[in-house]
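> Have a look; sequence and predicted model below, questions after that.
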Amino acid sequence: MASASAVAPTFNVSREVILRRVLDRGWIDPVSYRDCVQGWATDSEAGRGGDGGDHYYNQAAYLGDAYLRLAFCQYRAGIISDADLAEHLGVKARNIAKLEEKVASRI
């Protein structure tokens, strides 16, 4: 099985996002997940870790395509405001366009 560090660049996300998806599917236990993430944090603090990837790709991967489509659809229909959308997506309102651009390239 490929490591999260090896797979992450393929999807333009951080290795933590990959590992979280593996945890969410029950392929690893929470203790192993925690240990691995803590190890990466220690490596990063020591200056040996990789970068965290693109924040907007990470956020899009974390939220999922279906949720993002629904949120942007509600926004475009005028049902929710840009402030509401930003809160739901975990970005600042001024960065909605950046996230939408990343989402459009994924979907």
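That came in fine, so what should we check first? Residues are numbered from 1 along each chain as shown.

> residues in contact with residue 75?
81-82, 84-85, 96 (CB atoms under 8 Å, 6 or more residues apart in numbering). No exception for glycine: its C-beta is placed from N, CA and C like everyone else's.

> Among the residues you listed, name the buried ones.
Taking 16 or more other CB atoms under 10 Å as the criterion, what is buried in those is 85, 96.

> Could you save the contacts of residue 75 as JSON lines and add columns showing secondary structure?
Output for these, formatted as JSON lines (DSSP: H, G, I helix; E, B strand; the rest coil):
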{"residue": "81", "secondary structure": "coil"}
{"residue": "82", "secondary structure": "helix"}
{"residue": "84", "secondary structure": "helix"}
{"residue": "85", "secondary structure": "helix"}
{"residue": "96", "secondary structure": "helix"}
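
> Tabulate the contacts of residue 75 (JSON lines), appending pLDDT and distance to residue 58.
JSON lines is the format used below for the contacts of residue 75 (pLDDT from 0 to 100; distance: CB to CB, whole Å):
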{"residue": "81", "pLDDT": "93", "distance to residue 58": "24"}
{"residue": "82", "pLDDT": "91", "distance to residue 58": "21"}
{"residue": "84", "pLDDT": "93", "distance to residue 58": "21"}
{"residue": "85", "pLDDT": "93", "distance to residue 58": "18"}
{"residue": "96", "pLDDT": "90", "distance to residue 58": "16"}
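
> would you list the contacts of residue 75 in TSV and tack on distance to residue 70?
Shown next, in TSV, are the contacts of residue 75 (distance: CB to CB, whole Å):
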residue	distance to residue 70
81	16
82	16
84	13
85	11
96	15
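
> Pop the domain breakdown of this protein in here.
Per the record, the chain has its domains at 9-45, 55-106, by automatic domain parsing.

> ok, then the element right after the helix or strand where residue 37 lies?
Applying DSSP states H and E as the criterion places residue 37 in helix 30-45. Sequence-wise, the next helix or strand downstream of helix 30-45 (DSSP H and E) is helix 55-63.
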